[in-house]
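Visitor: sequence first, then the predicted structure, then my questions.
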Amino acid sequence: MMRAMQTSLEYPMLSAVVDDLATRGWSQQALFLPAALARALAAECRRRYADGELNPAGVGRGAAQEVRETIRGDQIQWIDPGQAEACDQYLAAMDELRQAINQGLFLGLEDFECHFALYPPGAFYRRHLDRFRDDDRRMVSAVFYLNEDWQPEDGGQLRMFLAGDVVHDVQPQAGCLAVFLSGDVPHEVLPAGRERLSLTGWFRRRGNDPF
Ligand code: OGA
Ligand code: MN
């Protein structure tokens, strides 16, 4: 298929992510997808923001969800297939990663949900886990960054709190993918000094919802 050919990932990179998840619960790949695709995704995110399609992100789930800018200040829009070529290429790449994780870790990941996220200057996301108390379908978190020439002094790092009091920061540099086990790795987004764009998503297993 054309689309799969275009986004076909390097096998060594997929197995590196799977190995990292198995051995330490997180992975970081500096150039997971081509810079041109990251640029196209950034343009798509900015266009949606300019058109007013992004909305303040909520905290919590379902009816209990509320917007609390003291916890998180990003603006988001969920992505569906068939909206934009760049988004479809991203979804195809993440489906390859989903299959590689299933083959290596037997997590039974069924789908991938993701949204654009834009942090305006000054926005942050306080320390949290990505798994909801009432919904444990989210197994693996994956954040793909869209920001060219990010400097450490721009802030906005993804800070992961790892075993043994180790703290690891990821710069949200275009092309970089951060992956971690949703239920195991507390993390935060430090205040961003400039606009910070990403695609944030979750691989989910089947729910035990009886319906
Ligand atoms: C999230 C999140 C991290 C990041 O949206 O849940 O933790 O680096 N994002 O954007
Ligand atoms: Mn998170």
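Guide: Sure, I can see it. Ligands and ions are numbered 1, 2, ... in the order given.

Visitor: up against ligand 1, what does the protein have?
Guide: Ala117, Tyr125, Asp130, Val143, Leu158, His187, Val189, Ser198, Thr200 (C-beta under 6 Å from any ligand atom). Using the backbone N, CA and C atoms, a C-beta is placed for each residue, glycine as well.

Visitor: for the residues you listed, which one is nearest Val17?
Guide: The closest of these to Val17 turns out to be Val143 (C-beta to C-beta; 12.8 Å).

Visitor: which SS state does that closest one fall under?
Guide: For Val143, the assignment made with DSSP: H, G, I helix; E, B strand; the rest coil gives strand.

Visitor: what bridges to it?
Guide: Beta-bridge partners of Val143, counted by DSSP bridges, are Ala178, Thr200.

Visitor: quick one: contacts for it?
Guide: Leu158, Leu177, Ala178, Val179, Ser198, Leu199, Thr200, Gly201 (C-beta atoms under 8 Å, 6 or more residues apart in numbering).

Visitor: where does confidence bottom out across the residues of the chain next to ligand 1?
Guide: Among the residues of the chain next to ligand 1, Asp130 has the lowest pLDDT, at 92.

Visitor: check the gap between that one and Val140 for me.
Guide: Asp130 sits 9 Å away from Val140 when distances are taken as C-beta to C-beta, to the nearest Å.

Visitor: the two: which is more packed in?
Guide: Val140 (27 against 18; other C-beta atoms under 10 Å).

Visitor: which pLDDT does the model give that one?
Guide: For Val140, the model assigns a pLDDT of 97.
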